[in-house]
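Q: Mind looking at a prediction? Sequence and model below.
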Amino acid sequence: MVVKKIAFLLLALICSAQLAAQNLKVTASLRNSSIGLSDQLQLDLKISSDKKLDLAAPTAPKIPEFSYRNVVESSSTQSSWINGVFSNTHTKTFTYIYLPQKTGVFSIPGFKLRIGGRDYGTPDLRVEVKDSAAAPPPAQQHNFDPWYDPFGGVYPDRSRGQGESFLLCLPETQTVWLGEPAIVSYYIYTDQQVDSFFTESEKDYPGYGKSGHEQPQSLSYEDVQYQNRRFQRALIKRSVIYPQTTGRLQMPTLTGRIQFSGFYSYLNRNAASSPAYINVRSLPPGRPAGFTGAVGNFHVSHSYSSSKITLGEALTCTIQISGRGNFSQFTSPAFGEVENFQISEPGVEDKLRNPIEGERRIIYTLLPRATGEYQLPGVTFSWFDTVSGSYKLSRRQPFDLKVKQGNVLSYFSGLLEGDSPKTLNPLLNRPNYPDFRAHASQPWFWLVLAACLLSLAVSGLLAHNQHLSREDPAAFAQKTASRLLNRYLRRATTAAENLSQDFYPLAESGLGQYLARKYGVSQSLGTEELLAALRQQELPSTLLTQLEEFLLLCQQARYMPGGAEAGNLDAALLKLRQLVQSLSRWRPGTGNGKVNVTGQAGINNASGEER
Amino acid sequence: MNRTLILLPLFFWLSALGAQSYSDSIQTLSGAANGNSQTEYAATLARLEPLAEKGVRNADLYYDLGVCYYHLGDRGKAVLNFLRTLNIDSAHKQARENLNYIHTTDPDLPREPRQPYLAQLFLRIYNFFSLNRLALMVLVCALLNTLSLHLLFHYPLDKERGLPVLLVLISSILLLGSGGTLLVKHHRWLHNSRAVVLEAVELRAAPASGRMLKDLPPASTVTVKQASGQQFQVILPDGLSGWIDRQAVEMVVPGQKF
């Protein structure tokens, strides 16, 4: 009984688990429904389930006038114990990043997903793209938990209304070189219960260019000391500043709205970051030739793909630049002219962790025009090193390259390549355009092939007979005789097999037909006349004797009393076969040599087999 | 009898020659359409497009469509139609020249790597033998093979048989070669995996949301390897492989499903 109850409970548990497995929620949302032309659009697709999700990123929706860049995947699991039921919620978030191409209002098509055999969809969304200057604040940063206390009990006695909250702009360094990227961080410092921060605008000042470096999605507090007071601070934004003029440059001012939760919402107010400056030093004189504006702390290496190539192959020269610096501000150095080489424009491959750190590969492709041994000068990369405060130069030692002739056929390279066409060929303007039909799909094509095969079969058969008649006349004669018997004496043979006395007249008649067809003698001739006619055809005497004997046998059987005995039919049929065989083997002009009238063994065997 | 056997294949061969397709009798009306204005190209396009939509497959029709599209500024469809022309008739000289012209004038398009001499020679021969030329070649080889076999069958036994055996060998090799090529070409005519990019699209390392590898401009030619949902895995002429949105490309064989 107890076992039954447990089984029932287990079953109920499994069923409820299965029912719960249907709980899947798909939502799509925009981080910002209004962005600037220079901002990114971040589209979040959130899929929540109580079962663990193993999903690949769904196809990014195509948004008109937006360029899709990337998708970032994150997942989280939340466990809860409610009313004695333990549950997990697995959430997978895909953040799709787009870059706007135009200003305006655009519709973002919803996602259509099929998960676990069920279809899910999200509604269409709308986004407004404005000019960058007029763009609204990019983000609202807040605590995920509205009851989160950033102080964690550090200031338990302090009233929230008495605290202080302000924004600070903190450059990473106070002095930089011209062109050296500087990181500027904006923090909110507070000892109050700040719920969220809305960035409203960012005021720029002349003398620099900037790009985003980091933008946290939530306020993440840390304990700090500031002016001998303890504060909690959270990063709002981090930017990269590229100084373009020397002197004292004021950093961008960030303004936004600090919002407090619950009872303290009356404290909500606007705030602007404190003014901050960096000093920009000019680069020292002595700029090397080929300096393309690289400023930073780099490690540079050069490499060639091969030291021996054949004519027609390409050689690649790669400069690898890694470290920290203004990657977006400098260009690739020119390779320079090398006699007998065609050098391509350099290709650039970036593997950057952020805008100022990572690795860049500059690749030059060299095509030799002639064979020989060359010394390639190697490209020079120069930069201003911010650590030592001096220009640095990386130049590869002259590189020895051997260009061989590939093979004798390479002399013909280009022989088949005509001149490049100078213009497009004109219209053909046919009066009509019939539908194309492949010959191989036409019946006549296959008929021709079938005819070829058929003619081969016939020809092969003929050739085989011809071959047989020359190589093995006895076997051929047997074969011919059998055919002739079949053709002219079928009825007589059947009668013999049935032990019928009709054999003799039928054999006589068939033989007459055969002789008439082969030798042109009349069928109405008597035996003597027939033999005389055949004698005139120069048939050998043995053959004539054999024929006479058989005809006599037939006449005896037909007209003499007791001449036709059933037991003699086999012998008579054998004689007929021998006769026909001899007749078929004999050809005018061949004499008697080839006529084997007494070829008993073979014939007996053959007749035995046939019988 | 032997004479009849020889004459019979000869008769079939002659009838096959007589049944050559219209394409062999094409005469180029060079310059007939020189100086066409945009309006004339638009009018020609309006006349020809319904034919193509009706399913008419004709090399010259696709060629004329390609020329019209090119002059009306749609390079993607121009390249697509020139490739369709070559898919039907690989010996269509004007279409090949126009394709070369487009690739020469647009350096952004991914180009085929330069082939060695022997490969170029082979490709020229392969292209010369269009589908129907190849079918006729197969018939000629079959007839030659039949005749040489007849000769071998009935060759006097007392004579040296080297010549007929050699003829049979040569004609058999030619027949097998042309027959195999015809099979390949016929299959490619029906199931060509090449496609043309009609609108700018990003080549990505993985379906839908992988790392971006390259921006493919319209008129880029790709070879489709496989499909996954709304994405195609493609290979560029330079060997680079990636995934693109299938809506942005059109297959060379009209209506071909992948």
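A: Right, received. Where do you want to start?
Q: Where is the longest strand in chain B?
A: strand B:221-228 (DSSP state E).
Q: Okay, buried residues for the helix or strand that that strand is followed by please.
A: Next helix or strand after strand B:221-228 toward the C-terminus (DSSP states H and E): strand B:231-235. Judged by neighbour count using 16 or more other Cβ atoms under 10 Å in any protein chain shown, the buried positions of strand B:231-235 are B:231-234. Bear in mind the C-beta positions are built from the backbone N, C-alpha and C, glycine included.
Q: likewise stretch B:88-97?
A: B:88-92, B:94-97.
Q: now do stretch B:246-258
A: For stretch B:246-258, the neighbour count (16+ other Cβ under 10 Å) marks B:246, B:248-253 as buried.
Q: can I get those in CSV with secondary structure, pLDDT and distance to chain A?
A: CSV is the format used below for those (DSSP: H, G, I helix; E, B strand; the rest coil; pLDDT from 0 to 100; distance: Cβ to the nearest Cβ, whole Å):
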residue, secondary structure, pLDDT, distance to chain A
B:246, helix, 89, 10
B:248, helix, 92, 9
B:249, strand, 93, 14
B:250, strand, 93, 17
B:251, strand, 94, 17
B:252, coil, 93, 14
B:253, coil, 91, 12
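Q: Can you name the residues in contact with the longest strand of chain B?
A: The contact list for strand B:221-228, computed with Cβ atoms under 8 Å, 6 or more residues apart in numbering or on different chains, reads B:79, B:83, B:109-110, B:193-197, B:207, B:216, B:232-237, B:241, B:243-244, B:246, B:249, B:251, B:258.
Q: circling back to that earlier point, find the pair from the buried residues of stretch B:246-258 with maximum spatial separation.
A: Across these, no pair lies farther apart than B:248 and B:253, at 17.5 Å, counting by Cβ to Cβ.
Q: Could you list the domains of chain B?
A: Listed by automatic domain parsing, the domain ranges of chain B are B:2-16+B:129-190, B:194-251.
Q: Poorly predicted segments of chain B, please.
A: B:1-36, B:208-210 (pLDDT under 70).
Q: ok, the residue nearest to the spatial centre of it - contacts?
A: The centre of chain B sits closest to residue B:87, judged by Cα atoms, centre = their mean, with a distance of 3.0 Å. By Cβ under 8 Å, 6+ apart, the residues touching residue B:87 are B:188-189, B:192, B:252-253.
Q: 6 Å instead, please
A: B:192, B:252 (Cβ atoms under 6 Å, 6 or more residues apart in numbering or on different chains).
Q: any idea whether residue B:110 is helix, strand or coil?
A: Secondary structure state of residue B:110, per DSSP: H, G, I helix; E, B strand; the rest coil, is coil.
Q: Hmm, I typed the wrong one, I wanted residue B:136.
A: helix.
Q: Could you pull out the helices in chain A for me?
A: Per DSSP state H, chain A carries helices over the ranges A:2-20, A:443-471, A:473-488, A:490-497, A:503-519, A:527-536, A:541-559, A:569-585, A:600-610.
Q: could those helices be laid out in JSON lines, adding mean neighbour count and mean pLDDT?
A: Formatted as JSON lines, the helices of chain A follow (neighbours: other Cβ atoms under 10 Å in any protein chain shown; pLDDT from 0 to 100):
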{"stretch": "helix A:2-20", "mean neighbour count": "10", "mean pLDDT": "49"}
{"stretch": "helix A:443-471", "mean neighbour count": "15", "mean pLDDT": "91"}
{"stretch": "helix A:473-488", "mean neighbour count": "18", "mean pLDDT": "69"}
{"stretch": "helix A:490-497", "mean neighbour count": "18", "mean pLDDT": "80"}
{"stretch": "helix A:503-519", "mean neighbour count": "20", "mean pLDDT": "81"}
{"stretch": "helix A:527-536", "mean neighbour count": "15", "mean pLDDT": "86"}
{"stretch": "helix A:541-559", "mean neighbour count": "16", "mean pLDDT": "85"}
{"stretch": "helix A:569-585", "mean neighbour count": "21", "mean pLDDT": "81"}
{"stretch": "helix A:600-610", "mean neighbour count": "13", "mean pLDDT": "35"}
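Q: Cross the buried residues of stretch B:88-97 against helices and list the overlap.
A: Counting by DSSP H, these place B:88, B:94-97 in helices.
Q: so which of those residues comes closest to chain A?
A: Chain A lies nearest to residue B:94 out of those, by Cβ to the nearest Cβ, at 4.1 Å.
Q: tell me the contacts of that closest one?
A: For residue B:94, the contact set (Cβ under 6 Å, 6+ apart) comprises residue A:425.
Q: gap between it and residue B:103?
A: Distance of residue B:94 to residue B:103, given as Cβ to Cβ, to the nearest Å: 15 Å.
Q: I am finished for the moment; much appreciated.
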